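1. When you get a sec, could you give me coordinates for this:
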Amino acid sequence: MSPLLKASAVSTAIFLLGTIVFAREGNNGKGSPIFGVQLPSGYRRWQVVSVAHEAGSLNDIRVILGNDVAMRTFRSGTRPFPDGAVIARLAWRYEPSSQNNAVFGQAQSFIAGDPTNVQIEVKDSRRYAATGGWGYGQFENGIANPSAALLNTCQGCHSKLPWTEDRIFTHYAR
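-> Numbers count the residues shown, from 1 in each chain. Alright, predicted model coming up:
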C-alpha cells in the first residue's frame, strides 16, 4: 500500500471513529462538539435562577434558568449538584432604552436587545468526569456552535471557581 493511500485510509478511519463517537453521544447535528449537549426541550419555560449583566467586551444581559433538579439544588443551597441538573444561560445585548429614558427624563433604563447566544450546562458526573462533571454547549439561533475551541474555554473559567460551588458562577436570587 502506498504511503499516500495508507494516510488516506488512516484519516478516513479517524473521521469515521469520530462520527461514531458523536452519534453514540446523541449528536444528531444539534449537539455541541466535545460534549454532545443539546438544547433541552422546553428550557425557556424553566424557572429563573438569577439575572446578570456582563460588562466589558460582552456587554450583555443574561437570565439564568434551571430545570427542576437544578432549582431544587439552588434553593436548598446544597452542593454538588446531582446528575441531571441542567442550567441554561440566555444572553442579549445590553442596550439603553431611548423610549424609557424619554419617559423618565434621563438616561437610566436598559433593555435586552438582540439575542447573542444560549449556553447549556449539563451535570453528568460519569460522562463528563474530566471536566468536573459538567458538559457544555453554546447555541446561536438554536444551532450548536461547532467550535471545539470555544467549548474548551468553558472548563477553563469554571475550573477557577471553588469546588464548594460545584464550578457554578450563579447564585440563586431569592
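2. Going by neighbour count, which residues in the longest strand belonging to the chain are buried?
-> Counting residues, the longest strand in the chain under DSSP state E turns out to be strand 110-123. If you call a residue buried by 16 or more other CB atoms under 10 Å, then strand 110-123 has these buried ones: 112, 116-123. Just so you know, the C-beta spots here come from the backbone N, C-alpha and C atoms, and that holds for glycine as well.
3. Relative to residue 94, which of these is nearest.
-> residue 112 (7.5 Å; CB to CB).
4. any idea which element residue 69 lies in?
-> helix 68-76 (DSSP states H and E).
5. in the sheet, who's paired with the closest residue to residue 92 other than its chain neighbours?
-> With CB to CB, 6 or more residues apart in numbering as the criterion, residue 92 has its nearest non-adjacent residue at 3.6 Å, and that residue is residue 112. Per DSSP bridges, the residues bridged to residue 112 are residue 94.
6. Stretch 99-118 spans what distance, first to last residue?
-> 27 Å (CA to CA, to the nearest Å).
7. next one: that stretch to chain centre, how far?
-> Relative to the chain's own centre, stretch 99-118 is displaced by 25 Å; criterion: CA atoms, centre = their mean, to the nearest Å.
8. same deal with stretch 93-113?
-> With CA atoms, centre = their mean, you get 28 Å for stretch 93-113.
9. Does residue 137 touch residue 37 like I think?
-> Yes. Applying CB atoms under 8 Å as the test, residue 137 and residue 37 come out as touching, 3.2 Å apart.
10. From the neighbour counts alone, determine which of the two ranks first.
-> Set residue 137 next to residue 37 and count neighbours by other CB atoms under 10 Å: residue 37 wins out with 28 against 25.
11. if I pick that one, what's in contact with it?
-> By CB atoms under 8 Å, 6 or more residues apart in numbering, the residues touching residue 37 are 31, 120-122, 135-137, 144.
12. let's see it at 6 Å
-> 120, 122, 135, 137 (CB atoms under 6 Å, 6 or more residues apart in numbering).
13. quick one on the thing from earlier: next structured bit after the longest strand of the chain?
-> Reading on from strand 110-123 to the C-terminus, the next helix or strand found by DSSP H and E is strand 134-140.
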